[in-house]
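> sequence first, then the predicted structure:
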Amino acid sequence: MIKIENIIEFKNVSYQKPSSKYILKNINLNIKKGEFISIMGTNGSGKSTLAKHFNGLFIPSEGNVIIDGKNTKNGEKNTEIKKSVGMVFQNPDSQIVACTVEEEIAFGMENLCFTREKMKKNIRKVLHYVNLENHEKSSIYSLSGGEKQRLTIASVLAMEPEIIVLDEPTSMLDDQSKKQILDIILKLNKEKNITIILITHFTQEALYADKTAIMNNGSIVAFDITKNIFSNINLLKKNKLLPLESICLLNFLKNKGYNVDLNAYSNESCAKEILRTLENIK
Amino acid sequence: MIQIENICFKYNNDYILKNINFSISDGEIFGIIGKTGSGKSTLVNILSGLAKPIEGEIIVDGQNIYNKKENKNLLSYKISTVFQNPEKQLFSKTVYDDIAFSLRNQNISESIINKDIKEIAKFLNISSDILNASPFHLSGGEKRKCALACALVTKPKILILDEPISGLDPYTTEKFINYIKDYHHKEKNIIIFVSNSANKFSYLCNRILTLGSGKIKILDKPENIFEKCKKLGFTAPNIWEIISLINQNGYNISTKISTTKQLQEQVLKLIKEKEAKNKPCKI
Ligand SMILES: Nc1ncnc2c1ncn2[C@@H]1O[C@H](COP(=O)(O)OP(=O)(O)OP(=O)(O)O)[C@@H](O)[C@H]1O
Ligand SMILES: Nc1ncnc2c1ncn2[C@@H]1O[C@H](COP(=O)(O)OP(=O)(O)O)[C@@H](O)[C@H]1O
Ligand SMILES: [Mg+2]
Ligand SMILES: [Mg+2]
């Protein structure tokens, strides 16, 4: 039998700050290479704390985090883990350190001692990937919020990570920039087989993922195929997550005895279901 | 009343805002929508008295806010702003002290302060653990909630909220919107709501202005703004979109509906009406 390797393993992970309550409680999580995972949960449920465990920024108080076979507790492996796990946070302004686009992308690679040629090549490649070509020399101040966030993704990408963890990467962005970022994330996952962990408050974004985890009060309370999660209205409500309007409407009609497709998540397909029901009335 | 008269603003040599004119009446909830970089936060800074425009005037109840003699106390008592980055507004030892800060400055008694804080905390889902925690030890969304509590508790005449729901979970967002609704019903104050998209909050607005490249694009009622969302590069709220897709096929559900429950009732009503009409008459 072929053994399928988990690229990420959380084994009984708990975490607390000195003299404070447990922020994470007995987390077990296995993620395979190339999977696209989303994590949802209310404010304060522990998502960002969990995120910081993926690259060894936080070390579990109890239990172990194994990234690609390396335990984050093993100090010697720290650089390797930091190289293979890229992090993108909510506010691009708090992540950008350099003055120009080119310098910003070079910064991370310099720390990993990439050669000059390789750096040059990667800068061009990643800028193309996030649709920022011709911005090499641009000043950071001339970029819009969406462009800055694409730059932080480019900087992470340049370090050639295997895993990218994104903590609410679009919450400061307008709808078009949100969509651009999500399309880039999906492309990284599908084309480059990069494992993606996406933390978000937007159901529409979580729906891009293969699997979704729900956090509540420091624990993972559900981890399943994304569609199963979002069609389970009771599970969502129990964890103070709002189900999509479309799903609520369709479930409501189903309960009233109408035969509607409960998987019509998008507004378009939901409206189609309603119109079909109306037309079927004889 | 706030009059914004011919405002211009530059960073370096670029115009960020150009010839902005509008006014907000007493009691109005006023929305400002624009993409990232369109100048929303710059306008917020100007309205909050933090950045003097290179041209134009801001008149609040007849007083020019950038006229030093007139504006004494005006800003601190009338206008309260929640900025886009809540970190910058929290500085006390505990969240409780942060929320109490401006009330204590007004010499309000501790027992009243305590009552007010408990009330706002309940509505925004701020637990007593969080009230006693240091604001530096909070999650992103918790910081946002605390910054909102700081502003709301002072019951300002003019409340400016710069992207207040970014980072809030949908459940807290819903609670917050309901709270603002009740709050506004009681206070009848001016609320300026700034956002990078049309969302559930937009339904509460009397009027919405959209900003693009430093200029006013449209100033209109929410329903009319939703209608033009696509053209402007925004997404309309889900409920509005579902209704509009159904209505395109000859139905007539009200586009003012803003909750899932209302949507469910209206769609069911539509179905029942059609069923009743198509029932063969019994003789
Ligand atoms: N330095 C700290 N000391 C003590 N408690 C902390 C610290 N940082 C975070 N916490 C607490 O840990 C819990 C989880 O925080 P975390 O930032 O992981 O939440 P989150 O799920 O990312 O929330 P959000 O959706 O608001 O970003 C919260 O209750 C928070 O108050
Ligand atoms: N301190 C600053 N120095 C120079 N340019 C700035 C500064 N702050 C904002 N800008 C620029 O002004 C424009 C408007 O920014 P802002 O008002 O923050 O937009 P919004 O809030 O709509 O996203 C952007 O192009 C931004 O880059
Ligand atoms: Mg967080
Ligand atoms: Mg802004």
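The structure has been received and is ready for your questions. Ligands and ions are numbered 1, 2, ... in the order given.

> residues near the residue of the stretch 1-150 of chain B found nearest ligand 4, how many?
Nearest to ligand 4 in the stretch 1-150 of chain B, going by C-beta to the ion, is residue B:41, at a distance of 3.2 Å. The C-beta positions use only the backbone N, C-alpha and C, and glycine is treated the same way. Other residues within reach of residue B:41 by the criterion other C-beta atoms under 10 Å in any protein chain shown amount to 19.

> which intervals of the chain have sub-threshold pLDDT?
You didn't pick a chain, so chain A it is. Within chain A, the stretches falling below the threshold (pLDDT under 70) are A:1-4.

> switch to chain B, that's the one I care about
Low-confidence segments of chain B (pLDDT under 70): B:69-77, B:280-283.

> run a quick neighbour tally on the residue lying closest to residue B:58 once chain neighbours are set aside.
What sits nearest to residue B:58 in space, not counting adjacent residues and going by C-beta to C-beta, 6 or more residues apart in numbering or on different chains, is residue B:65, at 4.9 Å. Residues contacting residue B:65 under the criterion other C-beta under 10 Å number 22.

> ok, now how distant is residue B:65 from residue B:39?
Relative to residue B:39, residue B:65 is positioned 18 Å away (C-beta to C-beta, to the nearest Å).

> in which helix or strand would I find the residue of the stretch 1-150 of chain B closest to ligand 4?
Under DSSP states H and E, the secondary-structure element containing residue B:41 is helix B:40-47.

> would you mark the buried spots in the helix or strand following that helix?
Towards the C-terminus, the helix or strand next in line after helix B:40-47, according to DSSP H and E, is strand B:55-60. Along strand B:55-60, these residues count as buried under the neighbour rule (16 or more other C-beta atoms under 10 Å in any protein chain shown): B:56, B:58, B:59, B:60.

> list the pairing partners of strand B:55-60 within its sheet, with orientation.
For strand B:55-60, sheet partners with direction are given as strand B:2-11 (antiparallel), strand B:63-64 (antiparallel), following DSSP bridges.

> tally of neighbours for residue 179?
You didn't pick a chain, so chain A it is. The number of residues packed around residue A:179, counting by other C-beta under 10 Å, is 16.

> I was thinking of chain B, sorry if that wasn't clear
Summarising burial for residue B:179: neighbours were counted as other C-beta under 10 Å, giving 17.

> check residue B:206 too.
The tally of other residues near residue B:206 (other C-beta under 10 Å) stands at 14.

> nearest spatial neighbour of residue A:31, skipping sequence neighbours?
On the basis of C-beta to C-beta, 6+ apart, the spatially nearest residue to residue A:31 that is not a chain neighbour turns out to be residue A:8, at 4.0 Å.

> what about residue B:258, distance to ligand 3?
Note on residue B:258: its distance to ligand 3, by C-beta to the ion, to the nearest Å, is 28 Å.

> mind checking the SS state of that residue?
With DSSP: H, G, I helix; E, B strand; the rest coil as the basis, residue B:258 sits in coil.

> okay, now it: neighbour count?
Summarising burial for residue B:258: neighbours were counted as other C-beta under 10 Å, giving 18.

> shouldn't it be in contact with residue B:198?
No. Between residue B:258 and residue B:198 no contact is recorded; they are 11.7 Å apart, counting by C-beta atoms under 8 Å.

> list residues touching both of these two?
Taking C-beta atoms under 8 Å, 6 or more residues apart in numbering or on different chains as the contact rule, the neighbours common to residue B:258 and residue B:198 are residue B:237.

> ok, now which ones touch the residue nearest to residue A:31?
Residues in contact with residue A:8 (C-beta under 8 Å, 6+ apart) are A:29, A:30, A:31, A:54, A:65, A:66, A:67, A:68, A:163, A:195, A:197.

> confirm residue A:13 sits in a strand?
Yes. When the secondary structure is assigned by three-state DSSP, residue A:13 falls within a strand.

> quick one, helices of the stretch 151-283 of chain B?
Listed from the start of the chain, the stretch 151-283 of chain B has helices (DSSP state H, counting those that start in this stretch) covering B:170-187, B:222-232, B:238-247, B:260-278.

> make that chain A, sorry
Taking DSSP state H as the criterion, chain A contains helices spanning A:47-51, A:78-84, A:101-111, A:116-129, A:145-158, A:175-192, A:203-206, A:226-231, A:233-238, A:245-255, A:267-279.

> please identify the deepest-packed of the ones you listed.
Comparing those by mean neighbour count (mean count of other C-beta atoms under 10 Å in any protein chain shown), helix A:145-158 ranks first with a mean of 24.

> what packs against that helix?
Using 3 or more C-beta pairs under 8 Å, 6 or more residues apart in numbering or on different chains; DSSP states H and E, the elements in contact with helix A:145-158 are strand A:85-88, helix A:101-111, helix A:116-129, strand A:163-167, helix A:175-192.

> name the strands paired with the first one and say parallel or antiparallel.
This means strand A:85-88. Each strand that pairs with strand A:85-88, with its direction, by DSSP bridges: strand A:163-167 (parallel).

> name the residues linked to the residue sitting nearest the centre point of chain B by a beta bridge.
For chain B, the residue whose C-alpha lies nearest the mean C-alpha position (C-alpha atoms, centre = their mean) is residue B:193; its distance is 2.6 Å. Residues in a beta bridge with residue B:193, per DSSP bridges, are residue B:31, residue B:161.

> that older thread, can you tell which of the helices and strands packed on helix A:145-158 is closest to residue B:262?
Taking C-beta to C-beta, helix A:175-192 is the member of the helices and strands packed on helix A:145-158 nearest to residue B:262, at 23.9 Å.

> before I go, just wanted to say thanks for your time.
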